[in-house]
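1. let's see this in three dimensions:
(chains A and B)
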Protein chains: 2
Amino acid sequence: VKTALNVVIIGVGLIGGSVSLALKASGVANEILGVDRDTNVLSDAQRRGVIDRGFDIAGDEWHARLAHADVILLAIPVRQIPEVLRAVAPHLDPSTIMIDAGSTKQDVIAAARDALGLKLAQFIPCHPIAGREVSGVSAADAGLFQSKNLVITSFAENSPATIERARRFWQACGANVIEMPAATHDAVFAAVSHLPHMLAFALVDDLAARPNAKTLFSFAASGFRDFTRIASSSPEMWRDVALNNRDALLSEMDAYLAHAQRLRDLIATADGDQLAALMQRSRAARAKWLAGDLDGFRDEAV
Amino acid sequence: VKTALNVVIIGVGLIGGSVSLALKASGVANEILGVDRDTNVLSDAQRRGVIDRGFDIAGDEWHARLAHADVILLAIPVRQIPEVLRAVAPHLDPSTIMIDAGSTKQDVIAAARDALGLKLAQFIPCHPIAGREVSGVSAADAGLFQSKNLVITSFAENSPATIERARRFWQACGANVIEMPAATHDAVFAAVSHLPHMLAFALVDDLAARPNAKTLFSFAASGFRDFTRIASSSPEMWRDVALNNRDALLSEMDAYLAHAQRLRDLIATADGDQLAALMQRSRAARAKWLAGDLDGFRDEAV
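-> Next up, the predicted model:
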C-alpha cells in the first residue's frame, strides 16, 4: 500500500472524520482535504487536526484538488451521493479511486452508473459496519473502524487491482474487509441494522407523544436506554437509508410486524408455553451469537 | 432503621442475591437465610457468602425460621408468588413485613389479598427498577440497586409505619424509593419496560428462524447488540410478566405496532419529510431524556 496517500474526504462527519484520524494514526496519509456543505464544520475539523484543509462544497475550488487525490471518500447521506458523483466525475483522474461509506449499496451503484460513464470502474462501493448514534466530526474517533467489518460490494467493471486499493485503504483504518454482492448486502443490513433502527425510532416517537410522556420517561431505565440507543442516530442519514433500501426494508418490517403480532397473540391467548418457548429460543440464539458460535444457525441460500 | 435485620430471601437469583449482598455491605444485616427450589443454587450462594444458610423450598424446615424474620423478600417470577404466599401465610409473625420484587403489581396485590387474610397489611408490594439481562445468583451485585428507583405500590390496608419499614429496607440497599398506585405502575412499566422486552425477543426470534440466519448474525453489530440486549433476559420471568400484566401490555403492543405500521407506510409512500420528522422527534425526545430534561414532555393525567 502506498504510504503517502492524498485523500479527499467529502462529508466531514463522524465517518469522514474518523477515517481521516485513522489514516493519520496509521501513518499512511500525506494530505487529507475535507469538503463539506458546512464551513463551520470545516474550520472545526481543521482546528481539531482532523483534516489538513477544508473546502466549501458550494464553491469550485476543491474540483482542481481532486486531480491530486489517490482516494476520494464520499462520507455523506446516501441520497446526496448522486449529485456529488456528478460534481466529481469531470475532475476524476484515471489514477484515483473513489469509495463511499453508505449504508445501502444497490442504490449507490446505480447512481455511479448514471454519473460516472467511462470512469465507473474507479468507483468501489464500500460500507463500514461501524456506526454510532452520535454524529458530527466532534465524535470522530481514530479507532472507530478497528476490528470492525467493512463490506465491499464491487461490481463487474471494478478491476481486482482497484478493489485491492480500496481493501488496503480500509485495512489501514483497522477494518476487517469482507466482499459480498450488493443485493446480499442490502438484504442482510435491512434485517440486522435498518429494521432495528426503524423499530427504535418508532418506540421513542410513540411514547414521546403520549399525554403522560413525562411520567413514562421518568421511569425508563437501562433496558429502554439500550433498546433505543440507535434512535439517537442522524435522521437525515436514516431517512435516506430507509428510502434507498425501501424494498428490502419493507420486506423486513412486514416480516417483523407479523412476528411481533404472533407474540402479541400468544399473550392475548395466555399461551405461556409458547411464549416461554419463543423467549427461550431468542435468548439461546443471542447467547450463541455473543459467544461467536454461529454453527448452529441455519445457513441456506435465499 | 433497625441495624441487625434477620431476613429471609425466597428466590436466590440475581435480585435476591443482590439484595443480600447490598444489606451485608451496608451493615444492616444480622442473618440472611435463602430459600430456593434449587439446592445447588443454595450451596453456591452460601459458598459465595451471599446467604448465611439455605433451605430447600420443597422442605418445611424453613417455615419455622420465618418467625424470626424481620423481613421476608419474595424474589421469584411473579406467577410463583401466589403459591409462596400461601406457604408463608401460616408462619408469618405479626412483627414481620413481607415484600416482593416483582415487575407487575396489581396481580401480586390480588394474590396477597387471596392468600394472606388478616395478615394482608404486612405485605408491601415493591418493584426495584434494576434488572439486568443476566440472571442467577452468580450475577448478584451489591451495587445493583445503587441510585436506582424502587417503586412501592402500597394499598389501603398498609400502615404508614409498615410502608416506612419497606422504604428503609430498600434505602439500605441504595435505592431511591418512589410510591405510586399499582395501576399506574403496571401501565407505566408496560410501556417503558415490558413492551421493549417483547419487541427485542420478537426480533431475535424472527431472525434466528431465517434460512440465512448464520449470515444475518455474522453481520449483526453494536446497534443490534444493544437493541436486543434485553432479549437475553430470563424467559420464565418475562413469560410471567407478560401474562400477569396482559391487558396493559396488549394495549402497549397494539399502540406500538400501529405506530410502527405508520412508519412502515411512510417508507412505502417514500414520504421523506414525514419520515425525517418522525426520526427527528425521536432523537430530540431521547436527547432531552438523557439530559434529564423532562420539562418539555407532556404531563397530563391519563
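2. name the nearest residue to A:S159, ignoring sequence neighbours.
-> A:A121 (6.2 Å; CB to CB, 6 or more residues apart in numbering or on different chains). The way it works is simple: take the backbone N, C-alpha and C, and place the C-beta from them, glycine included.
3. ok, now how distant is that neighbour from chain B?
-> Here A:A121 is placed at a distance of 26 Å from chain B (CB to the nearest CB, to the nearest Å).
4. so that residue sits against A:T162, correct?
-> Yes. When contacts are counted by CB atoms under 8 Å, A:A121 is listed as touching A:T162 (6.4 Å).
5. give me the low-pLDDT residue ranges for the stretch 151-300 of chain A?
-> Judged by pLDDT under 70, the stretch 151-300 of chain A has no weakly predicted residues.
6. what parts of the stretch 51-200 of chain A come near chain B?
-> A:129-133, A:148-149, A:151, A:184, A:188-189, A:191-193, A:195-200 (CB under 8 Å from any CB of the partner chain).
7. switch to 6 Å and redo it
-> A:129, A:188, A:191-193, A:196, A:198 (CB under 6 Å from any CB of the partner chain).
8. would you turn those into CSV with neighbour count and secondary structure?
-> Shown next, in CSV, are these (neighbours: other CB atoms under 10 Å in any protein chain shown; DSSP: H, G, I helix; E, B strand; the rest coil):
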residue, neighbour count, secondary structure
A:I129, 21, coil
A:V188, 22, helix
A:A191, 27, helix
A:V192, 24, helix
A:S193, 25, helix
A:P196, 26, helix
A:M198, 27, helix
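9. what about the strands in chain A?
-> In chain A, the strands defined using DSSP state E lie at A:5-10, A:29-36, A:53-56, A:71-74, A:97-100, A:123-124, A:126-128, A:149-152, A:176-179.
10. distance from the first one to the middle of the chain?
-> What it means is strand A:5-10. Centre-to-centre, strand A:5-10 and its host chain are 18 Å apart (CA atoms, centre = their mean, to the nearest Å).
11. quick one: strands adjacent to it?
-> The pairing partners recorded for strand A:5-10 under DSSP bridges are strand A:29-36 (parallel), strand A:71-74 (parallel).
12. how about the shortest one?
-> In the sheet containing strand A:123-124, its partner strands are strand A:97-100 (parallel), by DSSP bridges.
13. what's the longest helix in chain A?
-> helix A:246-268 (DSSP state H).
14. C-alpha coordinates for that one, PDB please?
-> Output in PDB follows, covering the C-alpha atoms of helix A:246-268 (Å, rounded to 0.1, in the frame of the first residue of the first chain):
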ATOM      1  CA  ARG A 246     -37.100   0.600   0.600                       C
ATOM      2  CA  ASP A 247     -38.000  -2.800  -0.800                       C
ATOM      3  CA  ALA A 248     -35.700  -4.800   1.400                       C
ATOM      4  CA  LEU A 249     -36.600  -2.800   4.500                       C
ATOM      5  CA  LEU A 250     -40.400  -3.100   3.800                       C
ATOM      6  CA  SER A 251     -40.000  -6.800   3.500                       C
ATOM      7  CA  GLU A 252     -38.200  -6.900   6.800                       C
ATOM      8  CA  MET A 253     -40.700  -4.600   8.500                       C
ATOM      9  CA  ASP A 254     -43.600  -6.700   7.300                       C
ATOM     10  CA  ALA A 255     -41.900 -10.000   8.500                       C
ATOM     11  CA  TYR A 256     -41.100  -8.400  11.900                       C
ATOM     12  CA  LEU A 257     -44.500  -6.900  12.400                       C
ATOM     13  CA  ALA A 258     -46.100 -10.200  11.600                       C
ATOM     14  CA  HIS A 259     -43.900 -12.000  14.100                       C
ATOM     15  CA  ALA A 260     -44.400  -9.300  16.800                       C
ATOM     16  CA  GLN A 261     -48.200  -9.800  16.200                       C
ATOM     17  CA  ARG A 262     -47.800 -13.500  16.700                       C
ATOM     18  CA  LEU A 263     -46.100 -12.800  20.000                       C
ATOM     19  CA  ARG A 264     -48.900 -10.400  20.900                       C
ATOM     20  CA  ASP A 265     -51.400 -13.100  20.200                       C
ATOM     21  CA  LEU A 266     -49.600 -15.600  22.400                       C
ATOM     22  CA  ILE A 267     -50.000 -13.000  25.200                       C
ATOM     23  CA  ALA A 268     -53.700 -12.400  24.300                       C
END
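15. and that helix, what does it pack against?
-> helix B:195-208, helix B:246-268 (3 or more CB pairs under 6 Å, 6 or more residues apart in numbering or on different chains; DSSP states H and E).
16. buried stuff in stretch A:158-165?
-> A:158, A:162-163, A:165 (16 or more other CB atoms under 10 Å in any protein chain shown).
17. what is the nearest of those residues to B:D107?
-> Within these, the smallest distance to B:D107 is 59.8 Å, found for A:I163 (CB to CB).
18. any figure for the gap between the residue of the stretch 1-150 of chain A found nearest chain B and A:V188?
-> For the stretch 1-150 of chain A and chain B, the shortest gap (CB to the nearest CB) falls at A:I129, measuring 4.9 Å. With distances taken as CB to CB, to the nearest Å, A:I129 is found 10 Å from A:V188.
19. quick one: A:H91 and A:H68 touch, right?
-> No. The pair A:H91 / A:H68 is not scored as a contact, 10.4 Å apart, by CB atoms under 6 Å.
20. count the residues that sit near A:A258.
-> 11 (other CB atoms under 10 Å in any protein chain shown).
21. need the contact list for it.
-> Residues near A:A258 by CB atoms under 6 Å, 6 or more residues apart in numbering or on different chains: none.
22. quick check: closest non-adjacent residue to the spatially most central residue of chain A.
-> In chain A, the residue lying closest to the centroid (CA atoms, centre = their mean) is A:S103, at 3.7 Å. Residue nearest to A:S103 in three dimensions, not counting chain neighbours: A:V241, with 4.8 Å by CB to CB, 6+ apart.
23. ok, A:E157 next?
-> A:A121 is the one closest to A:E157 (CB to CB, 6+ apart), at 4.3 Å.
24. that neighbour reaches A:A156, doesn't it?
-> No. Judged on CB under 6 Å, A:A121 makes no contact with A:A156 at a distance of 9.2 Å.
25. those two - which one has more neighbours?
-> A:A121 (17 against 6).
26. separation between the more buried one and A:L66?
-> 17 Å.
27. one more: A:D205?
-> 41 Å.
28. tell me the contacts of the residue of the stretch 1-150 of chain A closest to chain B?
-> Per CB under 6 Å, 6+ apart, neighbours of A:I129: A:148-149, B:221.
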